[in-house]
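>>> Below is the sequence, then the predicted model.
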Amino acid sequence: MALVPRVALVTSLLASNTQSHQTKILNFMVGLIRDSTNNLKPEPISTVTNAIKSSATSCKTNIEVGCTHAEKVIIPCKESRVKEAMDMLSIMDEQGIAVDFDTYSFLLQGCTSVKALIEGKRVHAHLLTMGFERNNILAAKLISMYSVSGSGNLMDSRQVFEKMHKPNVCVWNAMIRVYVNNEVCEEALGLYYQMEPAGVQPDKYTFPCVLKACAHLSSLDKGMEIHDYITANGLDSNLSVDNALAAMYSKCGYIDAARHVFLNMREKDVVSWNTMITGYIQNGKCDEALKIFQQMELAGVKPNSVTIASILPACARVADLDQGKQIHDYIIGSGIKSDIMVDNALIDMYAKCGSVEVARHLFDKMPRRDVVSWSAMIAGYAQNGYAEEALEVFRQMQVTRVKANSVTIVSILPACANVAALQHGKEVHGYILRMGIDYRITVWNALIDMYAKCRKIELAGLVFDKMHQRDVVSWNAMIAGYAQNGHLDRALILFRQIKVSGLKPDAVTLVSVLPTCAHLAALQQGKEIHNHTIRHEFDSDVSVGNTLIDMYAKCGRVQVARQVFDKMPQRDVTSWNVMIAGYGIHGHGENALDIFYKMQKAGTEPDYVTFIAILFACSHAGLVDEGLQFFASMSRDYHIMPRLEHYACLVDILGRAGKLDDAYELIKKMPFNPDAGVWGALLGACRTHHNTELGEIVAEHLFELEPENSGYYILLSNIYAASGRWGGVEKVRTMMKERGVKKTPGCSWIEGKNKTHAFFVGDKSHPQSEEIYAVLGKLEEQMKEAGYIADTNFVLHDVQEGEKIGVLCSHSERLAIAFGLLNTDPGTAIRITKNLRVCGDCHHASKFISKLVGREIIVRDAIRFHHFVDGMCSCRDYW
């Protein structure tokens, strides 16, 4: 039968067969062409070939016409058509056609590229049958093929390696590379150290992998040891090895060594420069990274997309928007392909530099977005205070069915926390559970922070308790959460627990827990934490130093606060502000002014908080003229416009000095509406100076602004009571009842040996109550003998005088003083904190008690400190 009629017959058969049969028929026909070449008369072979190609196209069947059998396997492998190549392998099997080394090599390469484990195992079986399994090159490819199918197949890779009689360096390198790529770096290094004993010399392809393993493990010692070996064996001039060395040193935090390697490289490629840029950024030296980028351009090395994606985060971290814009212009002008990685880096840079609108513009223009794009945009909005916009982008992401990852979640949860959007936070938590998002420790930590800031500390605690593994950030989030939600004792308990957990508290831990000591006036615990900072060398940290100053000042030890301040190697504006405020709450106005003047000499520019602190200090020290001068100076000399807080301080300065009319006129001339802080300062002055008429006017404003704040009702009652207007007192009481306003109970607390003890007015719940009241009764008699007369104007009930005295004697601060006398060493100071302003009669009584018992009594109320010593108070009755 002539060839051309056979082609026609085959073509007709193709239409009635399946695609797999069509392929076999065509392959048969191609072979027939070769066998019958001498009989191709009168048709040339090109005619027949074109006919078969046409038939194959119409049947949608891939067939390599005019190729050898091996090529029919190799070509599909190169194009990732592995199944088709395997079909051809089966045909060769059926026809008894031998498969050569190259064919198996390409088959394994194809299986590796598409992660085709099943097909790869079939090839492996072929190798075993054909006796190729001990070929070093094929063994290396088998090892790689098994590894890319997942870390669960690493044992298969290792078995291939172990079955080799004498694997060469290529096989060793393949096995090491497999371990490194799957982050089993200890095994990779272990294998490396077995090479020389096995008679195999590591080569230039070995070291990039083992150095990467050292970097992953942060094993600087092993990295340096391998560097010595490289130098001794003359491999330190290899570009890939040098790049790997620089990367290893960078990732191990030894950036100077990385720079040394970089500077001594005989040649550098774009990878070399990228490695140094990334290294500097990873080590927090973004300015150096930007310098390297500039040097790269001067050296004539063209940056690529990896360079751009690496350098833009440096601009973001130092908030260098101008440099970021220049790089953006460079991308456009140089023709660098702006791929998705570069676009994501640009969005991140603009967002972190505060240009969130530009970031959004770039985001909207992106032809394709991945999870990194969405995460960058969400984080950008959240970090710039646009919580609602961040939540909206997250919703849009869900609509597009792009699955969020742990980075997305860690970006969106702070947005929920910042606007106390508990429901949104719960929805994100539900999304995590539904979508099976990897519960990385960062996600757990973000959930704790979100629930704590949404005032659901019990839910934060549940998340914390469920964590199988915690890092120091987990503990910090929980400690800060307890502190922010008023669970101060729990915050201190948790701090003690972290120390026995095996984790070391860091600077953030200390900055979170010290304010709880300050709030509770827990001086002893504050001292213990201070000792911890010294032992672990945190005392040079500026934030820790600032918090220590605040803690000591609020625990009544302003002299120790000053010692901490003086020993600080570095100070920021907060350091000066905290020290000024510390002197202010103790009534040491002159010392506060001295710190301000030292701040000026040191060249530190004051901010608006500085002036709040200095005005407060002037207020509580009676420095009226100085206060007025500072108020005028802040806008004149420092271009800081006064805020409501500054006006509140100035009103307080005038009011305390008895200049009530001036204070009232100042309020009326303010450039904005006064808030409760401003009016509250004037109402307090009205009480001090018994101005009932103005007090009533001021109180009306306060009742409108904060109708549920019981403190203002009590102040007005005090004003009425002091003038004997019991009808007014009853009117206020009725008003509070009708409006559902409840008086905040006075509470005083004092630190014991291992616990803080709290007392309320008339409290008899303490185990030592009987002894406490006995001490108070004895003190009452001694005080009367010394000339003390109770000021019953501070009892807001129209009852008999004896009953009023009984109420005064059981005020919370007096109970705390009695407890202190019973439970502290003679001669030591008694330190008490009260949640409200100390009452006038208790202030008077505390002077007498301090003289009678020969002890210093330090009381911190809601406004300031009172140091009672030998019958005198540090406030000089100016409070």
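Cool, the structure landed.
>>> Check whether residue 857 really touches residue 830, as I assumed.
Yes: counting by CB atoms under 8 Å, a contact exists between residue 857 and residue 830, whose distance comes to 4.9 Å. C-beta here means a position set from N, CA and C on the backbone, and glycine is covered the same way.
>>> Report the set of residues contacting both of those two.
Both residue 857 and residue 830 are contacted by 817, 820, under the criterion CB atoms under 8 Å, 6 or more residues apart in numbering.
>>> Just list the residues touching the closest residue in space to residue 728 that isn't next to it in sequence, thanks.
With sequence-adjacent residues excluded and distances taken as CB to CB, 6 or more residues apart in numbering, residue 728 is closest to residue 720, at 3.3 Å. Residues near residue 720 by CB under 8 Å, 6+ apart: 692, 726-729, 731-732.
>>> Tell me the buried residues within the residues you listed.
Buried residues within the contacts of residue 720, defined by neighbour count using 16 or more other CB atoms under 10 Å: 728-729, 732.
>>> least confident pick among those residues?
Least confident by pLDDT among those: that is residue 729, with 90.
>>> residues in contact with the helix or strand containing residue 214?
Here residue 214, judged by DSSP states H and E, is contained in helix 206-216. Outside of helix 206-216, the residues that reach it under the criterion CB under 8 Å, 6+ apart are 169, 172-173, 176-177, 179-180, 183, 185, 188-189, 192, 195, 202, 219-220, 222-223, 226, 230, 235, 240-241, 243-245, 247-248, 250-252.
>>> Centre of the chain to it, how far?
29 Å (CA atoms, centre = their mean, to the nearest Å).
>>> Stretch 536-544 now?
Centroid separation between stretch 536-544 and its chain, computed with CA atoms, centre = their mean, is 19 Å.
>>> List the buried residues in that stretch.
Residues of stretch 536-544 classed as buried: 538-539, 541, 544 (neighbour count, 16+ other CB under 10 Å).
>>> gap between the two ends of it?
From the first residue to the last, stretch 536-544 extends over 12 Å; the measure is CA to CA, to the nearest Å.
>>> ok, and what's touching it?
Stretch 536-544 has contacts (CB under 8 Å, 6+ apart) with 504-507, 510-511, 514, 530, 532-533, 545, 548, 567-572, 574-575.
>>> again, only this time at 7 Å
Where contact means CB atoms under 7 Å, 6 or more residues apart in numbering, the residues beyond stretch 536-544 that reach it are 504, 507, 510-511, 533, 545, 569-572, 575.
>>> what does stretch 500-512 give?
By CB under 7 Å, 6+ apart, the list of residues contacting stretch 500-512 from outside reads 472, 475-476, 479-480, 483, 495, 498-499, 529, 533, 536, 538, 541, 543-544, 547.
>>> before we move on, what about stretch 670-690?
Everything outside stretch 670-690 that qualifies as a contact, by CB under 7 Å, 6+ apart, is 644-645, 647-648, 651-652, 655-656, 658, 660, 663-664, 667, 694-695, 698-699, 701-702, 705-706, 712, 715, 718-719, 722-723.
>>> Output it in PDB, but only the C-alpha positions, please.
Listed in PDB are the C-alpha atoms of stretch 670-690, where the atom choice follows Å, rounded to 0.1, in the frame of the first residue of the first chain:
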ATOM      1  CA  MET A 670     -11.000  81.700  74.800                       C
ATOM      2  CA  PRO A 671     -10.800  81.100  71.000                       C
ATOM      3  CA  PHE A 672     -12.700  77.900  71.300                       C
ATOM      4  CA  ASN A 673     -15.500  76.500  73.500                       C
ATOM      5  CA  PRO A 674     -14.200  75.600  77.000                       C
ATOM      6  CA  ASP A 675     -14.400  71.900  78.000                       C
ATOM      7  CA  ALA A 676     -15.100  70.300  81.400                       C
ATOM      8  CA  GLY A 677     -11.400  70.500  82.300                       C
ATOM      9  CA  VAL A 678     -11.500  74.300  82.000                       C
ATOM     10  CA  TRP A 679     -14.800  74.800  83.900                       C
ATOM     11  CA  GLY A 680     -13.800  72.100  86.500                       C
ATOM     12  CA  ALA A 681     -10.700  74.100  87.400                       C
ATOM     13  CA  LEU A 682     -12.800  77.200  88.000                       C
ATOM     14  CA  LEU A 683     -15.400  75.200  90.100                       C
ATOM     15  CA  GLY A 684     -12.600  73.900  92.300                       C
ATOM     16  CA  ALA A 685     -11.400  77.500  92.900                       C
ATOM     17  CA  CYS A 686     -14.900  78.500  93.700                       C
ATOM     18  CA  ARG A 687     -15.000  75.800  96.500                       C
ATOM     19  CA  THR A 688     -11.600  76.900  97.800                       C
ATOM     20  CA  HIS A 689     -12.600  80.600  98.000                       C
ATOM     21  CA  HIS A 690     -16.300  80.000  98.900                       C
END
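>>> Sort out which residues of it are buried, please.
By neighbour count, and taking 16+ other CB under 10 Å as the criterion, the buried residues in stretch 670-690 are 674-676, 678-689.
>>> so of those, which ones are in helices?
Counting by DSSP state H, the part of those found in helices is 676, 678-688.
>>> what packs against the helix or strand hosting residue 390?
Element membership for residue 390, per DSSP H and E: helix 387-399. Counting contacts by 3 or more CB pairs under 7 Å, 6 or more residues apart in numbering; DSSP states H and E, helix 387-399 is packed against helix 371-383, helix 406-418.
>>> next SSE after the last one?
Going down the chain from helix 406-418, the next helix or strand is helix 422-435, by DSSP H and E.
>>> Can you give the contact residues for the strand or helix carrying residue 594?
For residue 594, the enclosing helix or strand under DSSP H and E is helix 589-601. Counting contacts by CB under 7 Å, 6+ apart, the residues outside helix 589-601 that touch it are 576, 579-580, 583-584, 606, 614, 617-618, 620-621, 623, 626.
>>> For the chain, which residues score under the pLDDT cut-off?
Within the chain, the stretches with pLDDT under 70 are 1-67, 69, 133, 149-153, 792-807, 879.
>>> how about the strands in it?
When assigned using DSSP state E, the strands of the chain occupy the ranges 747-751, 756-760, 830-834, 857-860, 865-869, 872-873.
>>> Can you show me the CA trace of the second one as CSV?
Once side chains and other backbone atoms are set aside, the C-alpha atoms of strand 756-760 remain, and they are given as CSV (Å, rounded to 0.1, in the frame of the first residue of the first chain):
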residue,chain,number,x,y,z
THR,A,756,-1.8,46.3,98.1
HIS,A,757,-4.6,46.9,100.6
ALA,A,758,-7.7,49.0,99.7
PHE,A,759,-10.1,50.8,102.0
PHE,A,760,-13.4,52.6,101.5
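>>> how big is the angle separating that strand from strand 830-834?
Strand 756-760 and strand 830-834 are oriented at 50 degrees to each other (axes from the mean of the first three to the mean of the last three CA atoms, to 10 degrees).
>>> so how far is strand 756-760 off the chain centroid?
Going by CA atoms, centre = their mean, the spacing between the C-alpha centre of strand 756-760 and its chain's C-alpha centre is 36 Å.
>>> what are the pairing partners of it, and which direction each?
Counting by DSSP bridges, the strands paired with strand 756-760 are strand 747-751 (antiparallel).
>>> and the partner strand, C-alpha only, in CSV?
Taking Å, rounded to 0.1, in the frame of the first residue of the first chain, the C-alpha atoms of strand 747-751 are listed here in CSV:
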residue,chain,number,x,y,z
CYS,A,747,-11.0,54.6,98.0
SER,A,748,-7.5,54.7,99.5
TRP,A,749,-4.8,52.0,99.2
ILE,A,750,-1.5,51.3,100.7
GLU,A,751,1.2,48.8,99.8
